[in-house]
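Asks: The following comprises the amino acid sequence and a computationally predicted model.
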Amino acid sequence: MFRARVSTRLAAVLFVIFTSPLISAADEPAAEAEAAPAPVAADRPVLPSRSETMAADLLRQLPASEFVSLNASGTDFVALWRPANVAEPKGVIILLPGEGESADWPRGIGPLRRGLPDHGWHTLSLSLPDSPGLVLPMATEPAPEQPTDAPETVAEQPSEDPAPSEAGYLPEETAAAPGEQAVDDSDTQAPAETPPMKPDHSEQISARIEAALAFARSKQPKAIVLLGQGTGGYWAARFLQQEAPQDVRHLLIVQPRQPDGQEEPLAQLVPPLKLITGDFYYKDVTSDQRSARERLDASRRIQHPAYRQVGLPRQTGERQTDQEVLVRRVRGWLKRET
């Protein structure tokens, strides 16, 4: 009997000795595994606009002495400057290229900006911002980065009973009593900052023309002429209509075209300016002839005192020959009208 009791007690002691490490090990919390850092999304570069790409190409092709950096509403842009090759310059001609054209476009703008300095004129050729239809798609914004120092957590299954709040009350106890108005925390939150609105296309162009005029005025010229080709002719006329600078009395447009999205036609925009105007168009282009006739008729109806159209001859297909004709006709108009 005694031996049986001893054996029983000894077995109990041995059970406690050998099982206690297992129990203590089970009670210890498992070490938290470090979460692998989430991959960081690489920033995708913003694609340059077409005008920026063309300006970069010009920087590689032309001498650095021809470039001037101007600022319009906080945005820097490139212009091409050529001083007159005479002792007494006649003035400054500001050239506005058409849609999709650079400041040294091989047809019209480039030959004019290089050829007119030999006849006494400074030339300043602008690069204009892309129209909305020509803007390249912007790079998509990268996804927000995941925190790398926090371990991954497993979502807990919601319990059937509602969890108490920090104060220890259940949701039923924190709800507003009948007759009481619940407080909306959203009203106390600070409103999100609204990013500044970007100027629209026409405002950007007007700002660049104004910057070019400021640069031209710094040269103290005898005269300032705005010359626009294609849609550049439209923007030049619109700027003169809205701003009416007193020191710009000459407008020269070459094969002008109304930009997409603009409602006011050239026939209603150009003649009422009552400026000394040279309207150049190509006789072999049917659409040019029709729109040129509309502008001429509009100028006659208001008896414009200094509106003159110049019909350019049929283009031969030889670029150098055709551009020499254009430069010669523009030079002749400037000689007569300035």
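Replies: Alright, I've got the coordinates.

Asks: The strand or helix carrying L226 pairs with which strands, and in what direction?
Replies: For L226, the host element (DSSP states H and E) is strand 224-229. According to DSSP bridges, strand 224-229 forms sheet pairs with strand 91-96 (parallel), strand 248-254 (parallel).

Asks: what sits up against it?
Replies: 91-98, 101, 105, 108-109, 112, 121, 209, 213, 216-217, 234-237, 239-240, 247-248, 250-256, 330, 334, 338 (CB atoms under 8 Å, 6 or more residues apart in numbering). Bear in mind the C-beta positions are built from the backbone N, C-alpha and C, glycine included.

Asks: I'd like the strands paired with strand 224-229 as a markdown table, with mean neighbour count appended.
Replies: Formatted as a markdown table, those follow (neighbours: other CB atoms under 10 Å):
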| stretch | mean neighbour count |
| --- | --- |
| strand 91-96 | 25 |
| strand 248-254 | 22 |
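
Asks: Can you add distance to E203 and mean pLDDT and give the ones you listed back as JSON lines?
Replies: Output for these, formatted as JSON lines (distance: least, CB to CB, whole Å; pLDDT from 0 to 100):
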{"stretch": "strand 91-96", "distance to E203": "15", "mean pLDDT": "98"}
{"stretch": "strand 248-254", "distance to E203": "19", "mean pLDDT": "98"}
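
Asks: Out of those strands, which gets nearest to H201?
Replies: With distances scored as CB to CB, the stretch of those nearest to H201 is strand 91-96 (13.5 Å).

Asks: which other residues reach the closest one?
Replies: 103, 109, 112-113, 116, 121-126, 128, 209, 212-213, 216, 219, 221-229, 232-233, 235-236, 252, 338.

Asks: all helices of this protein, in order?
Replies: With DSSP state H as the criterion, the chain has helices at 2-27, 50-61, 109-115, 171-174, 201-217, 231-243, 266-269, 286-301, 319-337.

Asks: L70: which of those helices is closest?
Replies: Comparing those by CB to CB, helix 201-217 comes nearest, at 4.4 Å.

Asks: between that closest one and strand 224-229, how big is the angle?
Replies: Computed by axes from the mean of the first three to the mean of the last three CA atoms, to 10 degrees, the angle separating helix 201-217 from strand 224-229 equals 140 degrees.

Asks: which secondary structure elements does helix 201-217 contact?
Replies: In terms of contacts (3 or more CB pairs under 8 Å, 6 or more residues apart in numbering; DSSP states H and E), helix 201-217 is packed against strand 67-72, strand 75-82, strand 91-96, strand 121-126, strand 224-229, helix 231-243.

Asks: Could you verify my assumption that G278 touches L252?
Replies: Yes. Counting by CB atoms under 8 Å, G278 touches L252, with 4.4 Å between them.

Asks: any shared contact partners between these two?
Replies: Common contacts of G278 and L252 (CB under 8 Å, 6+ apart): 330, 333.

Asks: Quickly note the distance from A214 to W81.
Replies: Distance check for A214 against W81: by CB to CB, to the nearest Å, it reads 13 Å.

Asks: which regions of the chain sit below the pLDDT cut-off?
Replies: When residues are selected by pLDDT under 70, those of the chain lie in 1-47, 133-198.

Asks: follow-up on the earlier one: out of the helices of the chain, which is closest to T75?
Replies: helix 201-217 (7.7 Å).

Asks: Columns distance to T321 on top of the helices and strands packed on helix 201-217, output as TSV?
Replies: Shown next, in TSV, are the helices and strands packed on helix 201-217 (distance: least, CB to CB, whole Å):
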stretch	distance to T321
strand 67-72	29
strand 75-82	22
strand 91-96	21
strand 121-126	21
strand 224-229	18
helix 231-243	23
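
Asks: picking up where we left off before, adding distance to Q309, write the strands paired with strand 224-229 out as CSV.
Replies: Listed next are the strands paired with strand 224-229 as CSV, based on distance: least, CB to CB, whole Å:
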stretch, distance to Q309
strand 91-96, 19
strand 248-254, 10
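
Asks: Out of those, which is closest to Q289?
Replies: strand 248-254 (14.8 Å).

Asks: For burial, what's the neighbour tally of G317?
Replies: Neighbourhood size, G317 [other CB atoms under 10 Å]: 7.

Asks: What of D57?
Replies: Residues near D57, counting by other CB under 10 Å: 12.

Asks: wait, what's in contact with it?
Replies: D57 touches S102, counting by CB under 8 Å, 6+ apart.

Asks: just to revisit the earlier point, more neighbours: A214 and W81, which one.
Replies: Legend: neighbour count by other CB under 10 Å for A214 and W81, higher for W81 (20 against 12).

Asks: Who does that one form a beta bridge with?
Replies: L124.

Asks: With N71 instead?
Replies: Beta-bridge partners, per DSSP bridges, of N71: D76.

Asks: Tell me how far it lies from L96.
Replies: According to CB to CB, N71 stands 17 Å off from L96.

Asks: One more: S125?
Replies: Distance from S125 to L96, by CB to CB: 8 Å.

Asks: And for A237?
Replies: Computed as CB to CB, the A237 to L96 distance reads 10 Å.

Asks: same thing with R328?
Replies: Distance from R328 to L96, by CB to CB: 21 Å.

Asks: Kindly report the same for A79.
Replies: Taken as CB to CB, the span from A79 to L96 is 11 Å.
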